[in-house]
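>>> sequence unknown, structure follows:
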DNA sequence: TACTGCGATAGTCAGAGAACGTCAGGCCGG
DNA sequence: CCGGCCTGACGTTCTCTGACTATCGCAGTA
């Protein structure tokens, strides 16, 4: 069963695709999907997170709105400032963001997602989240650093930047 | 003595076909066989193990599912029977071999090498080598599995809209 | 102007419901 | 009696709703 949350997520992503900022009315979207208005908050809370590269702002009252936009890439800080510990969901959000921004290939995303999974890092809990963060940082760093080395190598041979 | 577990295994294998990712609902399959839902977990645990080249993931809650996939023998190959524990040098050797064989891109190699490094998996020693092996297996599997899902999609079974 | 009340939004939170996971223990054939 | 099969009770996670709360703009009024 494709759940409502996933449907609404797809809908918003499609709307968002056409511009950098999307402005919606909560009640209008809820109506379109025949659900409670607070469902929209749930979708935004669980799917359009900062870790995934989204920014949400809103205003209440007459003429109120909810705005969803993508964070500019340079506001992310790459892998450098990921937190010391990461739960699985947040780690996957970070990966999704990097794939969407084409910093990682989808296959690299799948690789990393597998690697940070709960079952693979089979460790007791405060530790597991710390190792996951370290692994994710290293993985992202490893891939991006390779890119740089590769680019430099090519440049030495005389290609254009 | 056609036991239930064997029946369910056969059923899932038939659904799974070649190189397809299968998506099921635990309760639906349990119903079909008139058994307890946890029986499905037992089948997955004892028959669809990573050692046999299977991969199982799931999501709980409304709209939950269980996904089963298998890597084709030739893609999984030598990576499939990596030992239970791996020191860093051996792990890197395996990675190099897979890159050489074009199972992984050089960049994926760099990613994995970073991830299995001693400093990243900062754990006491008998444990570290075990986690490293698990991480490596998962990473390779994750990458190869993506390929397959991308090509063949997901086969959903049961429950129509 | 300043205040006040009202309608129109959106936010929060607890809780119900829908999946799946785990585990101790019963059962049964060899 | 041992090991594999199977279940049921209980735990965890995710979704969705409804009641209640907070905020905003505007119109009317002193």
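Thanks, I have it. Source: prediction; values computed, not measured.
>>> Can you name the residues that contact the spatially most central residue of chain A?
The centre of chain A sits closest to residue A:52, judged by CA atoms, centre = their mean, with a distance of 1.9 Å. Residues near residue A:52 by CB atoms under 8 Å, 6 or more residues apart in numbering or on different chains: A:93-94, A:96-97, A:100. C-beta coordinates here come from the backbone N, C-alpha and C atoms, glycine included.
>>> Apply 6 Å and report the result again.
A:93, A:96-97 (CB atoms under 6 Å, 6 or more residues apart in numbering or on different chains).
>>> Closest to residue B:77 out of those?
For the contacts of residue A:52, the minimum distance to residue B:77 (CB to CB) is 29.0 Å, reached by residue A:96.
>>> Now do the closest residue to DNA strand D within chain A against residue A:55, distance only.
The minimum distance from chain A to DNA strand D, using CB to the nearest atom of the strand, falls at residue A:61 (2.5 Å). Noted for residue A:61: a distance of 21 Å to residue A:55, by CB to CB, to the nearest Å.
>>> Ok, residue A:103 next?
From residue A:103 to residue A:55 the distance is 18 Å (CB to CB).
>>> picking that back up, neighbour count winner among residue A:61 and residue A:55?
More crowded of residue A:61 and residue A:55, by other CB atoms under 10 Å in any protein chain shown: residue A:55, with 15 against 5.
>>> which helices and strands sit right next to the helix or strand in which that one is found?
Using DSSP states H and E, residue A:55 maps to strand A:54-59. Secondary-structure packing of strand A:54-59 (3 or more CB pairs under 6 Å, 6 or more residues apart in numbering or on different chains; DSSP states H and E): strand A:65-70.
>>> and the strand it packs on, what does it pack onto?
Partner elements for strand A:65-70 (3+ CB pairs under 6 Å, 6+ apart): strand A:21-24, strand A:54-59.
>>> Would you tell me what the next helix or strand after that strand is?
helix A:88-100.
>>> give me the number of residues near the closest residue to residue A:57 other than its chain neighbours?
The spatially closest residue to residue A:57, leaving aside those adjacent along the chain, is residue A:67, at 5.0 Å (CB to CB, 6 or more residues apart in numbering or on different chains). Residue A:67 has 13 neighbouring residues, counting by other CB under 10 Å.
>>> got it, and residue A:101?
Around residue A:101 there are 13 residues (other CB under 10 Å).
>>> Not counting its neighbours along the chain, what's nearest it?
Per CB to CB, 6+ apart, closest to residue A:101 is residue A:73, 5.8 Å.
>>> Could you do residue A:115 as well?
That would be residue B:139: by CB to CB, 6+ apart, it lies 4.7 Å from residue A:115.
>>> Pull the contacting residues for that neighbour.
Contacts of residue B:139 (CB under 6 Å, 6+ apart): A:111, A:114-115, B:112.
>>> Which strand or helix spans it?
helix B:125-152.
>>> Run through the residues of chain A sitting next to DNA strand C.
A:1, A:24-27, A:37-38, A:40-41, A:58-66 (CB under 7 Å from any atom of the strand).
>>> just for chain A, where's the confidence low?
A:1, A:77-80, A:147-161 (pLDDT under 70).
>>> Quick check: residue A:85 vs DNA strand C, distance?
Residue A:85 sits at a distance of 21 Å from DNA strand C (criterion: CB to the nearest atom of the strand, to the nearest Å).
>>> Residue A:11 now?
Counting by CB to the nearest atom of the strand, the gap from residue A:11 to DNA strand C is 16 Å.
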